[in-house]
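A.B. asks: Attaching a predicted model along with its sequence, questions to come.
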Protein chains: 2
Amino acid sequence: MALPLTDTQVRDCRDRIRAVAEAQFARRGLAATSLRSIAAELGWAPASLYRYFRNKDELLAATRAAALNRFSDRIEAAYAQPGDLWERSRALGDAYVDFAFEQPAAYQLIFALEQADGDKTPALRAAEERSHRTLTGYIEDMVAAGLLEGDPELLGHVYWSAIHGLIVLQMAGKLKPSLPFDTIRHEITRLLTRGALNRLGRAGHID
Amino acid sequence: MALPLTDTQVRDCRDRIRAVAEAQFARRGLAATSLRSIAAELGWAPASLYRYFRNKDELLAATRAAALNRFSDRIEAAYAQPGDLWERSRALGDAYVDFAFEQPAAYQLIFALEQADGDKTPALRAAEERSHRTLTGYIEDMVAAGLLEGDPELLGHVYWSAIHGLIVLQMAGKLKPSLPFDTIRHEITRLLTRGALNRLGRAGHID
DNA sequence: TTGCTTACCGAACAGTGTTTAGTATGCAAG
DNA sequence: CTTGCATACTAAACACTGTTCGGTAAGCAA
């Protein structure tokens, strides 16, 4: 073990480390996974990992990238299947949801979701419920007034998820620069006042 | 300083600590903020914080709860203003967006968003761009086929934000239990095939 | 003055990511 | 076969983290 590793050997080694890391992320959670625990599972010394990754963040980024590429593989394969656009749409949606629920740890890793739930204080829980009640109550008012149709709970989730997503993307500078700064507010206002989502929320199978 | 503090003094102390913590979260980021740095800014010893918070997680939860309550205050105040439902809708939407962009650190704290961006490997960035291209390309196909109308970029963001939000909520067990397990997939399929969002994405002011 | 409760602190402990000096391995050269 | 050498890997340390514990000093009651 003193001659230089080939490129493929290095890549295999990186993949092995990455796999152990992702397994521990899924099993113990991200915060409880240390370089020492990963090295221990490999039967290595902690410092040895630094031959393959510059630091812990780079290892984390590598596992994220691998999970994200698995996700893209599934989506693209589903969308590439034969059929008309409706069928391919359905296959793509199914692939998206299937991946999320078959590999929840990978999905959480991709989107950097914390699975911590035990560190919620009663005060925090109360604040969350209050916020949820406020936003959901608004949707209920809209439904009661006949301005939106469907199940208020589900409708509210779609609603606020979309708005939240727009804000996050705007903050991250991911929206295309040609959009003026206020466009997001206009879009949100239209969401809120036009009932564009009013076909959603009615539970029922598609035909 | 040896006689017991009154309840209000204790609360003031907790608030002072919390304020310093939130300021450091906003300034240096969440990961770079330690109990030692917070104590140092207060001129205290690190151990002293444990008289007011059981541990770091509880301090974090307190700051989260405080920020979330400030958020709810703004939303509720806007929605409680006089006017018809349209006007109150608009006020609520404005309040939501204004808070998010006036206090981005608080918004990120509330929704546990990591502001880390420098730890992105080229490989991870490539994987993200690939995934983004795949999902956006699908929307573009829909628009090209005349099944959706509007700006594909913005439309895609709303689209995937909503779906992502539904999955996260389903994973967290936040969707109401009466909804059968497959309802989320049906809703997503309807999103994908019904063009329910087809009124969105056309840039332009509301009248 | 004595005693006691109490806010606060200094110092330590275990654990983390990371660096550095060093060991031992196995091929290549003499 | 011996020597040299590049190299995969390690042991030990460093600086830092959250957290705990014994101790100190301050102010009130007796």
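C.D. replies: Yes, it's here.

A.B. asks: Could you use CA atoms for every contact and neighbour count after this?
C.D. replies: Fine.

A.B. asks: so A:Thr134 is in which element?
C.D. replies: Element membership of A:Thr134 [criterion: DSSP states H and E] is helix A:122-144.

A.B. asks: Flag every residue of chain A that's near DNA strand C.
C.D. replies: Residues of chain A lying close to DNA strand C by C-alpha under 7 Å from any atom of the strand are A:1-3, A:32-37, A:46-47, A:50, A:54-57.

A.B. asks: again, only this time at 10 Å
C.D. replies: Within reach of DNA strand C by C-alpha under 10 Å from any atom of the strand, chain A has these residues: A:1-4, A:30-39, A:45-51, A:53-60.

A.B. asks: Show only the entries of these found in strands.
C.D. replies: Of those, none are assigned to strands by DSSP state E.

A.B. asks: Using ChimeraX, define a selection of the buried residues within those residues.
C.D. replies: Those of those that count as buried under 16 or more other C-alpha atoms under 10 Å in any protein chain shown are selected in ChimeraX with:
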select /A:30,33,35,37,38,39,49,53,58,59,60
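
A.B. asks: related to what we said a few turns ago, in terms of secondary structure, what does the helix holding A:Thr134 contact?
C.D. replies: For helix A:122-144, the helices and strands in contact under the criterion 3 or more C-alpha pairs under 8 Å, 6 or more residues apart in numbering or on different chains; DSSP states H and E are helix A:152-171, helix B:56-79.

A.B. asks: before we move on, which element is A:Ala105 in?
C.D. replies: Using DSSP H and E, A:Ala105 falls in helix A:104-110.

A.B. asks: Can you tell me what sits against that helix?
C.D. replies: Here helix A:104-110 makes contact (C-alpha atoms under 8 Å, 6 or more residues apart in numbering or on different chains) with A:Glu22, A:Phe25, A:Ala26, A:Arg64, A:Ala65, A:Ala67, A:Leu68, A:Phe99, A:Ala100, A:Glu114, A:Gln115.

A.B. asks: can the residues you listed go into a markdown table with extra columns for distance to A:Ile163 and neighbour count?
C.D. replies: Below are these laid out as a markdown table (distance: C-alpha to C-alpha, whole Å; neighbours: other C-alpha atoms under 10 Å in any protein chain shown):
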| residue | distance to A:Ile163 | neighbour count |
| --- | --- | --- |
| A:Glu22 | 31 | 25 |
| A:Phe25 | 30 | 21 |
| A:Ala26 | 29 | 18 |
| A:Arg64 | 25 | 27 |
| A:Ala65 | 26 | 23 |
| A:Ala67 | 26 | 22 |
| A:Leu68 | 24 | 22 |
| A:Phe99 | 24 | 17 |
| A:Ala100 | 21 | 19 |
| A:Glu114 | 21 | 13 |
| A:Gln115 | 22 | 15 |
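
A.B. asks: Which of the helices and strands packed on helix A:122-144 has the lowest mean pLDDT?
C.D. replies: Sorting these by mean pLDDT places helix A:152-171 lowest, at a mean of 76.

A.B. asks: Centre of the chain to that one, how far?
C.D. replies: Computed by C-alpha atoms, centre = their mean, to the nearest Å, the chain-centroid distance of helix A:152-171 equals 14 Å.

A.B. asks: Low-confidence stretches in chain A?
C.D. replies: For chain A, the stretches flagged by pLDDT under 70 are A:1-2, A:114-119, A:148, A:175-207.

A.B. asks: Kindly compare burial across the helices and strands packed on helix A:122-144 and name the winner.
C.D. replies: helix A:152-171 (a mean of 22; mean count of other C-alpha atoms under 10 Å in any protein chain shown).

A.B. asks: Report the separation between the most centrally placed residue in chain A and A:Ala67.
C.D. replies: Chain A has A:Phe111 as the residue nearest its centroid, 3.3 Å off, counting by C-alpha atoms, centre = their mean. Distance of A:Phe111 to A:Ala67, given as C-alpha to C-alpha, to the nearest Å: 10 Å.

A.B. asks: mind giving me the domain ranges of chain A?
C.D. replies: Domains of chain A are assigned by automatic domain parsing as A:13-110, A:122-194.

A.B. asks: Could I get the ones you listed in CSV, plus columns for distance to B:Ala105?
C.D. replies: As requested, the domains of chain A are arranged in CSV below (distance: least, C-alpha to C-alpha, whole Å):
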stretch, distance to B:Ala105
domain A:13-110, 22
domain A:122-194, 11
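
A.B. asks: And A:Leu5, how far from A:Trp44?
C.D. replies: 17 Å.

A.B. asks: Is stretch A:77-97 positioned near chain B?
C.D. replies: Yes: Stretch A:77-97 is in contact with chain B by C-alpha under 8 Å from any C-alpha of the partner chain, via A:Leu85, A:Trp86, A:Ser89, A:Arg90, A:Gly93, A:Asp94, A:Val97.

A.B. asks: from these, which is closest to DNA strand C?
C.D. replies: Distance ranking of those against DNA strand C, using C-alpha to the nearest atom of the strand, places A:Val97 first at 31.2 Å.

A.B. asks: what's the spacing between the helix or strand where the closest one lies and its chain's center?
C.D. replies: Assessed by DSSP H and E, A:Val97 sits inside helix A:85-102. Here the centre of helix A:85-102 is set off from its chain's centre by 15 Å, with C-alpha atoms, centre = their mean.
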